[in-house]
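Visitor: Here is my input; please provide its structure:
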Amino acid sequence: ARKPLRGRERGRTTAQRQTAMASSTFWAIVVAVVAALIAVPLTWPTHVFDPKVLQKIAKEAIHEGGLNQTAVVYKTIAGMKARYPNHIREAPKWVFNNAGGAMGSMVILHASLSEYIIIFGSPVGTEGHTGRFLADDWFTILIGEQWAYEPGAITREVYKAGEQHHLKFGVAKGYKMHRECWALEYARGNIVSMLPFGYFDTFFSTLDFITLWDTTWISAWYMIDNLLKGKI
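Guide: Have a look, this model is predicted:
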C-alpha cells in the first residue's frame, strides 16, 4: 500500500507542479511571440517600397554621378529621400557590417518589421554567404560588380551598375563584391528573422561590440518609430 505523503513532501510536490506549469506557460508565450514575429511581417503589412522604383532611382544617381563614386552613393540617398520623404531617415549613420563571412560598411535608410533599405558595400571588395531568409532581397548595384552563384553552378552570375539582383525568399547564394562595390539593398519580409545573421559574426569572430550596439540601437529605434507611425 502507498504511504500517505507528509505535509512537507506534499508541499514540495505542489511547488514542483507549479514550477513546471510556470515553465510551460513561459515557453508557450515565447513560442507564440516568435510565431507572431515570423507571421505578422509576412502576411499583414502594406509595403511602401517598390524594387522597380528603387532601381530607377539608382540608375538616375549612376547617370548623374558619373565616375564620382561618392556622388553616386549620396545622390542615391537624396533620390530616396525625395521619393519617400516620410520613410527615409534624415541623417543616417554609417556603421560596419560583418555577416556571413563578408565585411563592409552600411547606412540604414529605413528599418521596419517588414522592410529595410540600406546602402552596403566596400571600397576594397568582400566575399561571403548571402544568408537564407524569410524575405525577398533586391540588391541594386550602384558601383562596381557583384558576382554570385548557387550550389552546383559552374559559371558565375554577374551584376553590374544599374542591374538588380533578386535573392528570392528562402534562397541562399555565395557572393563576391569585386573590388570596390556599393549597392542599394532592399529586403521585404520578416526583417526580425534576418537580424541574427547580422549579429553572429560579432560573437564568433570580430567581437566588435561597438558596431553591434550601433546597429542594434539604430535598427530598434527605426522599427519602434515606424510602429508608432502605424508602419509594420
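Visitor: what sits against the residue minimising distance to the centre of the chain?
Guide: The chain has Met194 as the residue nearest its centroid, 4.7 Å off, counting by CA atoms, centre = their mean. Contact analysis of Met194 by CB atoms under 8 Å, 6 or more residues apart in numbering lists Tyr116, Gly131, Phe133, Leu134, Ala135, Ala187. Just so you know, the C-beta spots here come from the backbone N, C-alpha and C atoms, and that holds for glycine as well.
Visitor: do that again at 10 Å, thanks
Guide: Ala99, Tyr116, Gly131, Arg132, Phe133, Leu134, Ala135, Asp137, Ala187 (CB atoms under 10 Å, 6 or more residues apart in numbering).
Visitor: Which ones among the residues you listed lie within strands?
Guide: Of the contacts of Met194, the ones assigned to strands by DSSP state E are Ala99, Tyr116, Ala135, Asp137, Ala187.
Visitor: could you dump those residues to a markdown table with pLDDT?
Guide: A markdown table is the format used below for the ones in strands among the contacts of Met194 (pLDDT from 0 to 100):
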| residue | pLDDT |
| --- | --- |
| Ala99 | 96 |
| Tyr116 | 95 |
| Ala135 | 95 |
| Asp137 | 97 |
| Ala187 | 97 |
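Visitor: Just the closest of those to Lys59, please.
Guide: Checking these against Lys59 by CB to CB gives Asp137 as the nearest, at 18.9 Å.
Visitor: residue boundaries of the strands in this protein?
Guide: With DSSP E as the criterion, the chain has strands at 94-99, 102-111, 115-122, 126-129, 135-149, 157-160, 164-167, 174-189.
Visitor: number of nearby residues for the closest residue to Ser193 other than its chain neighbours?
Guide: Closest residue to Ser193 apart from its sequence neighbours, by CB to CB, 6 or more residues apart in numbering: Leu134 at 4.8 Å. Counted with other CB atoms under 10 Å, the neighbours of Leu134 add up to 17.
Visitor: what do you get for Ile154?
Guide: Ile154 sits with 5 neighbouring residues when counted by other CB under 10 Å.
Visitor: Might you list the low-confidence residue ranges for the chain?
Guide: 1-15, 18, 20, 22, 24-25, 28-45 (pLDDT under 70).
Visitor: coming back round to it: could the ones in strands among the contacts of Met194 be laid out in a markdown table, adding distance to His87?
Guide: Below are those laid out as a markdown table (distance: CB to CB, whole Å):
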| residue | distance to His87 |
| --- | --- |
| Ala99 | 24 |
| Tyr116 | 11 |
| Ala135 | 17 |
| Asp137 | 18 |
| Ala187 | 14 |
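Visitor: Out of these, which end up buried?
Guide: Burial by neighbour count, judged by 16 or more other CB atoms under 10 Å, picks out Ala99, Tyr116, Ala135, Asp137, Ala187 from the ones in strands among the contacts of Met194.
Visitor: quick one: which of the residues you listed is nearest Asp214?
Guide: For those, the nearest to Asp214 is Ala99 (14.5 Å; CB to CB).
Visitor: Can you give me the distance of that closest one to Asn226?
Guide: Going from Ala99 to Asn226 by CB to CB, to the nearest Å gives 22 Å.
Visitor: Next: Arg156.
Guide: Using CB to CB, Arg156 is found at 37 Å from Asn226.
Visitor: Please apply the same query to Gly104.
Guide: 24 Å.
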